[in-house]
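Asks: Next comes the sequence, and after it the predicted model I'd like to discuss.
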Amino acid sequence: MNRREWLGRVAGVAAALTSSGAPRAQATGVASERSDMIARKIPSTGERVPVIGLGTSGPFEVGAAAAARAPLREVIDAFFEGGGRLIDTSPMYSTAERVLGELLSPAQQQACFMATKVWEDGADAGVSQLHDSARLLKHRPLDLIQVHNLRDLAVQLATLRAWKAEGKVRYIGVTHYTIATHAELARVIRQEKPDFVQFNYSAVTRDAEHRLLPLAADRGVAVIVNRAFEDGGIFARLKNVPVPAWAADFDATSWAQVLLKYVIAHPAVTCVIPATGKARHMRDNLAGGRGRLPDATTLKRIIAAVNA
């Protein structure tokens, strides 16, 4: 599916998703959970996950001090109350796994789709790290384990396949965050067909539209998108630029919502995982997963606006 074909499909996909309401999957025990979040199917099983997730790199890398953790508890509460489910973390993110494991309530653990990663060389070191992650996150079985940045890929994928067969993890995947690795990610999608692939994609960095997103859709691989805000760089560029009036055509009231809706307008995207340490930003991000999505015309307008 090339970009022209994608643009032609967007309007129909957006209408179908938003009209259905896309109910959350398997999330119980969280008060005030919302059911109006757009959700997408994981191709390998049909399980649905909300399109707005939560990344933890940066904001969740804190110590045990109550003052540092209190805002993160507010973020987590806002996330689940607003209909979120997928949280992405990694042993590479300093204390993030421990912080999540200690802050999530039992009901939130039950509702959560927990995605972490393995980031080691060698089978023994990888297995040891996986056990540490399960212990710190207090989440069994883990929902998704990804080979972080393709590190020691063949060895770690073999371990993850064994863990999946043993019921220790439900899904497996691979990740990276740079354009330079897109060719290798494409090879992995074709040859290994993981359940998930994670990579960078935004209204500024659109390379994934040409190869990775069509390939993932064709091979039935779920897509998690990182760096949708270019690590905050887009906001610096748009600091004094008002949200355009035409954003109301797809129910966006902030630049964060515009940028997130650009990403999830692509039907191959399963979930996008912006990180934040502020509850008000979490609520704003979640709003990007509700309502109408941009059509072909407004997608082009978004590109022009953020790249001006």
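Replies: Looks like it came in fine.
Asks: Got the phi and psi for the residue lying farthest from the centre of the chain?
Replies: For the chain, the largest distance from the centre (C-alpha atoms, centre = their mean) belongs to residue 124, which lies 28.3 Å off. Note on residue 124: its backbone torsions stand at phi -60, psi -40 [degrees, to the nearest 10].
Asks: per-residue confidence for it?
Replies: In this model, residue 124 is scored at 98, pLDDT.
Asks: do the one 3 residues further on as well
Replies: Per-residue pLDDT puts residue 127 at 98.
Asks: With the one 10 residues further on instead?
Replies: Here, the pLDDT recorded for residue 137 equals 98.
Asks: coming back round to it: quick one: the residue farthest from the centre of the chain from residue 88, how far?
Replies: 25 Å (C-beta to C-beta, to the nearest Å). Placement of C-beta: from N, CA and C, glycine included.
Asks: Next: residue 265.
Replies: In terms of C-beta to C-beta, residue 265 sits 21 Å off from residue 88.
Asks: Run through the strands of this protein in chain order.
Replies: For the chain, applying DSSP state E gives strands covering 39-41, 48-50, 54-55, 86-88, 113-118, 142-147, 169-175, 196-200, 222-226, 271-272.
Asks: Dump those strands to a markdown table, plus distance to residue 232 and mean pLDDT.
Replies: Formatted as a markdown table, the strands of the chain follow (distance: least, C-beta to C-beta, whole Å; pLDDT from 0 to 100):
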| stretch | distance to residue 232 | mean pLDDT |
| --- | --- | --- |
| strand 39-41 | 25 | 98 |
| strand 48-50 | 23 | 98 |
| strand 54-55 | 12 | 98 |
| strand 86-88 | 17 | 98 |
| strand 113-118 | 22 | 98 |
| strand 142-147 | 23 | 98 |
| strand 169-175 | 20 | 98 |
| strand 196-200 | 14 | 98 |
| strand 222-226 | 13 | 99 |
| strand 271-272 | 15 | 99 |
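Asks: between those strands, which gets nearest to residue 280?
Replies: strand 54-55 (14.2 Å; C-beta to C-beta).
Asks: for the closest one, the distance to its chain's centre please.
Replies: How far strand 54-55 lies from its chain's middle: 7 Å, per C-alpha atoms, centre = their mean, to the nearest Å.
Asks: Check stretch 211-222 too.
Replies: So, by C-alpha atoms, centre = their mean, the centroid of stretch 211-222 is 16 Å from its chain's centroid.
Asks: next one: stretch 58-78
Replies: 19 Å.
Asks: which residues touch it?
Replies: 54, 89, 93-96, 99-100, 102-104, 108, 275-279, 282-283, 286 (C-beta atoms under 8 Å, 6 or more residues apart in numbering).
Asks: repeat that with 7 Å
Replies: Here stretch 58-78 makes contact (C-beta atoms under 7 Å, 6 or more residues apart in numbering) with 93-96, 99-100, 103-104, 108, 275-279, 282-283.
Asks: Can you list the buried residues in it?
Replies: 59, 60, 61, 62, 68, 69, 72, 73, 75, 76, 77, 78 (16 or more other C-beta atoms under 10 Å).
Asks: about what we covered before: can I get the strands of the chain in TSV with mean neighbour count and distance to residue 254?
Replies: Listed next are those as TSV, based on neighbours: other C-beta atoms under 10 Å; distance: least, C-beta to C-beta, whole Å:
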stretch	mean neighbour count	distance to residue 254
strand 39-41	20	22
strand 48-50	25	18
strand 54-55	26	17
strand 86-88	25	21
strand 113-118	27	25
strand 142-147	25	29
strand 169-175	23	27
strand 196-200	25	21
strand 222-226	25	18
strand 271-272	28	15
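Asks: so residue 175 bridges to which residues?
Replies: Following DSSP bridges, residue 175 is listed with bridge partners residue 198.
Asks: Just the CA coordinates for stretch 56-66, please, in CSV.
Replies: Output in CSV follows, covering the C-alpha atoms of stretch 56-66 (Å, rounded to 0.1, in the frame of the first residue of the first chain):
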residue,chain,number,x,y,z
THR,A,56,8.0,5.8,30.2
SER,A,57,11.5,6.8,28.9
GLY,A,58,12.5,10.0,30.7
PRO,A,59,9.6,11.0,33.0
PHE,A,60,9.4,7.6,34.8
GLU,A,61,13.1,7.4,35.5
VAL,A,62,12.9,8.7,39.0
GLY,A,63,13.9,7.6,42.5
ALA,A,64,11.8,6.6,45.5
ALA,A,65,11.1,10.2,46.7
ALA,A,66,7.4,10.8,47.2
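Asks: 32 is where my numbering starts, stick with that
Replies: Okay, using 32 as the starting number, the last item reads as stretch 87-97.
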